[in-house]
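Enquirer: Here is a sequence with its predicted model. Questions after.
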Amino acid sequence: MDFDLTSDQKMLQTEVRKFAEAELGPVAPDIDKSGEFPWDNLKKMAELGLLGIIVPEEYGGAGFDFVSLAIAIEEISRVCATTGVIVAVNNSLTGYPIMQFGNDAQKKKYLPLLASGKKIGAFGLTEPNAGSDVAAMEATARLDGDHYILNGTKRFITNAGEAGVFIVFAYTNKELKHKGISVFIVERDTPGFSLGKHEDLMGIRATANCELIFEDAKIPKENLLGEENGGFKICMNTLDVSRIDIGAQAVGIAQGALDEAITYSKERKAFGQPICNFEMIQSMLAEMATQIQAARLLVYYAGYCKDKGMHRFSRESAMSKYYAAMIAVDVARMALQIHGGYGYTKDYPIERLYRDAKILELYEGTSEIQKIVIARDLLK
Ligand code: CAA
């Protein structure tokens with residue numbers, strides 16, 4: 001057993017941390033306030049290879065493994081959770097399904113665009129009436145000559161307002177239930193495709209979260225990803241991978257909150273001494289650090305399972321996302337508590353981290369869904 005990161009992983013961790021602190025941290029409060037999609041951040045990250053971390057080098061990516069992706073997302077999210085999830089969606093919810101299930105032409109066309117940041121990716125699964133219950137989706141696609149005609153609405157889609165490449169799920173045969181769902185690569189300028197409501201979110205506010213509207217949208221036949229009616233398994237397999245990254249985002253947010261709490265507790269004085277001297281503060285710091293370390297190990301282990309080529313790692317991935325999200329919310333709460341009344345103002349980053357953390361228990365499968373995945377695996 002080896003708990004050490006490889007030298008490449010350590011180097012990536014150091015470099016991404018340095019970059020994130022210098023470039024992403026200073027603008028994080030501004031983009032939180034304005035809600036403006038951080039294109040400048042993305043351009044700089046594209047140059048460092050962070051938009052295609054797992055994309056093979058032959059398609060313009062950096063060719064790193066999935067543990068490395070988790071490490072990078074943790075470091076980015078530690079200072080800017082918005083940028084963390086944008087990178088996660090580009091890599092594992094858009095790049096990964098194309099890498100894994102795309103044909104040669106699709107890989108050659110779309111992976112370099114995503115890795116270079118020329119186009120940002122988005123994942124169109126959730127609908128107004130279908131969130132946890134994927135198979136309840138209403139979107140449909142029917143083949144008409146050389147095109148699929150896509151109709152439906154997708155909601156709460158991260159990156160959507162600024163994305164150029166969308167992974168979109170729709171029924172091609174409703175009678176087959178989940179076995180009748182297909183998945184398409186959809187380009188932004190597709191006739192019949194438009195954007196709807198832009199969500200004004202509580203946290204991760206600059207993620208261009210938007211509705212997708214398809215009204216007889218014409219998708220070229222060659223943009224079907226994988227087999228017709230094979231979309232449900234592609235979806236689940238992709239979420240197994242991407243949930244590891246949300247676990248990593250959670251570890252990053254939690255680590256950022258702990259770092260803020262440590263700094264503040266050393267500076268703030270009460271009863272004539274720094275508050276870090278008080279055991280009730282120390283108790284919270286110790287609890288936070290232990291929870292973060294446990295979550296980080298679950299996340300790395302899930303990434304390791306993927307890197308080792310394990311056939312199904314749904315349980316490991318769900319455990320990492322479930323646990324890391326839960327502790328991130330709790331760690332952010334404790335870190336804010338340590339800040340006292342100042343933590344409730346916008347003068348300190350902890351207020352933003354506290355708001356950002358909540359989404360972790362909701363997207364890419366709620367915590368309740370993660371427990372279902374874990375329990376089904378235990379009971380099979
Ligand atoms: N890998 C491969 N196959 C899988 C699988 C996996 N991980 N999970 C399930 N399957 C297969 C099953 O084996 C089964 O196969 P057969 O039909 O051959 O028997 C089939 O898929 C159906 O499985 P279930 O009966 O378990 O399906 P279900 O309808 O009960 O749903 C669920 C299972 C876990 C609840 C699933 O619907 C789910 O994950 N829901 C949550 C959706 C979600 O995470 N949405 C996130 C949106 S994306 C997002 O949030 C992005 C963002 O903003 C950043």
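Expert: Alright, I've got the coordinates. Numbering: from 1, shown residues only.
Enquirer: Domain-wise, how is this structure divided?
Expert: What automatic domain parsing lists as the domains of the chain is 7-118, 123-229, 232-379.
Enquirer: Put together TSV for those, with mean neighbour count and distance to Met1 on each row.
Expert: Backbone N, C-alpha and C define where each C-beta goes, glycine included. Below are these laid out as TSV (neighbours: other C-beta atoms under 10 Å; distance: least, C-beta to C-beta, whole Å):
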stretch	mean neighbour count	distance to Met1
domain 7-118	21	15
domain 123-229	19	34
domain 232-379	20	11
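Enquirer: Would you mind putting the ones you listed into CSV with mean pLDDT alongside?
Expert: Below are the domains of the chain laid out as CSV (pLDDT from 0 to 100):
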stretch, mean pLDDT
domain 7-118, 98
domain 123-229, 98
domain 232-379, 98
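Enquirer: Pull the distance from the one helix or strand Leu12 maps to to the chain's centre.
Expert: Following DSSP states H and E, one finds Leu12 within helix 7-19. With C-alpha atoms, centre = their mean, to the nearest Å as the basis, helix 7-19 stands 20 Å off its chain's centre.
Enquirer: So which residues of the stretch 101-250 of the chain form helices?
Expert: Remark: helices assigned in the stretch 101-250 of the chain by DSSP state H, counting those that start in this stretch are 104-116, 231-267.
Enquirer: The closest residue to the ligand within the stretch 201-350 of the chain and Pro97: what is the separation?
Expert: Residue nearest to the ligand within the stretch 201-350 of the chain: Met236 (3.3 Å; C-beta to the nearest ligand atom). In this view, Met236 and Pro97 are 11 Å apart by C-beta to C-beta, to the nearest Å.
Enquirer: Name the residues of the stretch 251-380 of the chain found near the ligand, please.
Expert: Residues of the stretch 251-380 of the chain lying close to the ligand (C-beta under 6 Å from any ligand atom) are Ser314, Tyr363, Glu364, Gly365, Ile369, Ile372, Val373.
Enquirer: and the second one, that's in a strand?
Expert: No. Assessed by DSSP: H, G, I helix; E, B strand; the rest coil, Tyr363 does not belong to a strand; its assignment is coil.
Enquirer: Could you pull up phi and psi at it?
Expert: Main-chain torsions, Tyr363, degrees, to the nearest 10: phi -90, psi 170.
Enquirer: In space, what's closest to it - neighbours in sequence excluded?
Expert: Ile246 (7.0 Å; C-beta to C-beta, 6 or more residues apart in numbering).
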